[in-house]
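Student: dropping the sequence and predicted coords here.
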Amino acid sequence: MLANVELIAVVSGAACVAGLLLAVVALVGTRRPPGPAPGAGRGVDRLWRGSGATPREQRAYQALLAGALVAGALAFLVTGLPVVGLLVAVAVPGTPWLFSVGRAEQRAIARIEAVGEWTRRLKDVSATGQGLQQAVIGTVATAPEEIQEEVRLLAARLQAGWLARSALLAFAEEIGDPVGDQVVAALILHLSDRGERLGDVLGSIASAAAAEVATRREIEAKRTQPRFAVRFLTGMTLATLAYGLVNTEYIRPYGTPAGQLVMAALGAAFVGLLAWVRSMSQPQRPARFLPAPDPQEAIA
């Protein structure tokens, strides 16, 4: 019995040291000067900052990580089991990720619809005889909210002296969807041939965007059942974990080193199952056909 207690203490101490090291590295990493981090620091910096596109999303992600560390430590103090603390720490950021299944696709559909609306407005403005740059600038104030920041950046780059092709490619990269590529491809072709059918082409692309939105919404409706399964399994897992925290007798058989190994294996398998079911409910990312902009060719 004494050996078991000592082994648990060693494992717990190692986990605490690892957590402290990660916290110190993360705090130091936020004070580094701008620029690419050398070596393995890039991975640690990405782990701390997350994949958020805006500072607000990055701060929310960092707050979630801090909450995970606190919740995991409290769970370990309550139960005395390090694996329980680890599972709780994983559950804090994992729960919103699992419950938000489908949200990214809904946002993508809304952005495609916004691209179609902006394309129609660009067609109307360009029909007045204005050049492409002035037409883009003229749509900034009325751009749909979902892509307003991207349109504003496009207009700012054009005004700052960027080559129109590079600015448009950067815009397509930020939209990140084949529908946006179609609009940008039409505008780039217009830069080279200066044809008079730009309005017709933009109108056709806007109609195609509306059809694409309808198709994706129909597919999205068919994915409701698997996504409900993800949320249901997540809720059941949280209920089981909460019951184990409240009723320590429920998890007492896992108090030995062998029991901790079994709990870790079962927890890892169940987390992997939830992630797999979630991935099955996600659509494949549509392939784009425009290249990324070359920074060296941006300024004329």
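Tutor: Noted; the coordinates are in hand. Since we're looking at a predicted model, the values are computed, not measured.

Student: neighbours of Val88, how many?
Tutor: For Val88, the neighbour count with other C-beta atoms under 10 Å is 24. (Each C-beta comes from the backbone N, C-alpha and C, glycine too.)

Student: swap that for Ala265, sorry
Tutor: For Ala265, the count of nearby residues is 11 (other C-beta under 10 Å).

Student: can you map out the strands along the protein?
Tutor: Secondary structure of the chain (DSSP state E): no strands located.

Student: so, low pLDDT: which residues of it?
Tutor: 1-54, 194-196, 296-300 (pLDDT under 70).

Student: recalculate using a threshold of 90.
Tutor: Applying pLDDT under 90 to the chain picks out residues 1-109, 122-138, 141-142, 158, 160-166, 176-257, 259-260, 262-263, 266-267, 269-300.

Student: which residues in it form helices?
Tutor: Taking DSSP state H to define them, one finds helices in the chain at 2-29, 41-49, 55-79, 82-99, 103-126, 132-138, 148-159, 164-175, 178-193, 198-222, 224-246, 257-280.

Student: now render those as a markdown table, adding distance to Arg288.
Tutor: Supplementary listing: those in a markdown table, determined by distance: least, C-beta to C-beta, whole Å:
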| stretch | distance to Arg288 |
| --- | --- |
| helix 2-29 | 31 |
| helix 41-49 | 23 |
| helix 55-79 | 22 |
| helix 82-99 | 25 |
| helix 103-126 | 13 |
| helix 132-138 | 21 |
| helix 148-159 | 15 |
| helix 164-175 | 8 |
| helix 178-193 | 5 |
| helix 198-222 | 14 |
| helix 224-246 | 25 |
| helix 257-280 | 21 |
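
Student: just those: most buried one?
Tutor: Of all those, helix 164-175 carries the top mean neighbour count, a mean of 21, counting by mean count of other C-beta atoms under 10 Å.

Student: what's the closest of the helices of the chain to Ala292?
Tutor: Nearest to Ala292 among those is helix 164-175; the distance by C-beta to C-beta comes to 5.5 Å.

Student: how far off centre is that closest one?
Tutor: 21 Å (C-alpha atoms, centre = their mean, to the nearest Å).

Student: quick one, that helix and helix 178-193 angle?
Tutor: Angle, helix 164-175 to helix 178-193, by axes from the mean of the first three to the mean of the last three C-alpha atoms, to 10 degrees: 180 degrees.

Student: picking that back up, closest one to Asp294 among the helices of the chain?
Tutor: helix 164-175 (6.9 Å).

Student: ok, the closest residue to Gln182 other than its chain neighbours to Gln159 distance?
Tutor: Ranked by C-beta to C-beta, 6 or more residues apart in numbering and with sequence neighbours excluded, the top spatial neighbour of Gln182 is Ile205, at 5.1 Å. Remark: distance between Ile205 and Gln159 (C-beta to C-beta, to the nearest Å) = 24 Å.

Student: and what of Pro178?
Tutor: According to C-beta to C-beta, Pro178 stands 27 Å off from Gln159.

Student: next one: Thr142
Tutor: Thr142 is 18 Å from Gln159, where distance means C-beta to C-beta.

Student: Lys222 too?
Tutor: Distance from Lys222 to Gln159, by C-beta to C-beta: 44 Å.

Student: what of Trp276?
Tutor: Applying C-beta to C-beta, the value for Trp276 to Gln159 is 48 Å.

Student: Thr119 too?
Tutor: From Thr119 across to Gln159, the span is 21 Å (C-beta to C-beta).

Student: now Ala91
Tutor: According to C-beta to C-beta, Ala91 and Gln159 sit 48 Å apart.

Student: ok, now which ones touch the nearest residue to Phe99 once chain neighbours are set aside?
Tutor: The shortest distance from Phe99 to any non-neighbouring residue, by C-beta to C-beta, 6+ apart, is to Arg231 (5.7 Å). Taking C-beta atoms under 8 Å, 6 or more residues apart in numbering, we find Arg231 in contact with Leu98, Phe99, Val101.

Student: skipping adjacent residues, who's closest to the first one in space?
Tutor: What that stands for is Leu98. Spatial nearest neighbour of Leu98, chain neighbours left out: Thr234 (4.4 Å); criterion: C-beta to C-beta, 6+ apart.
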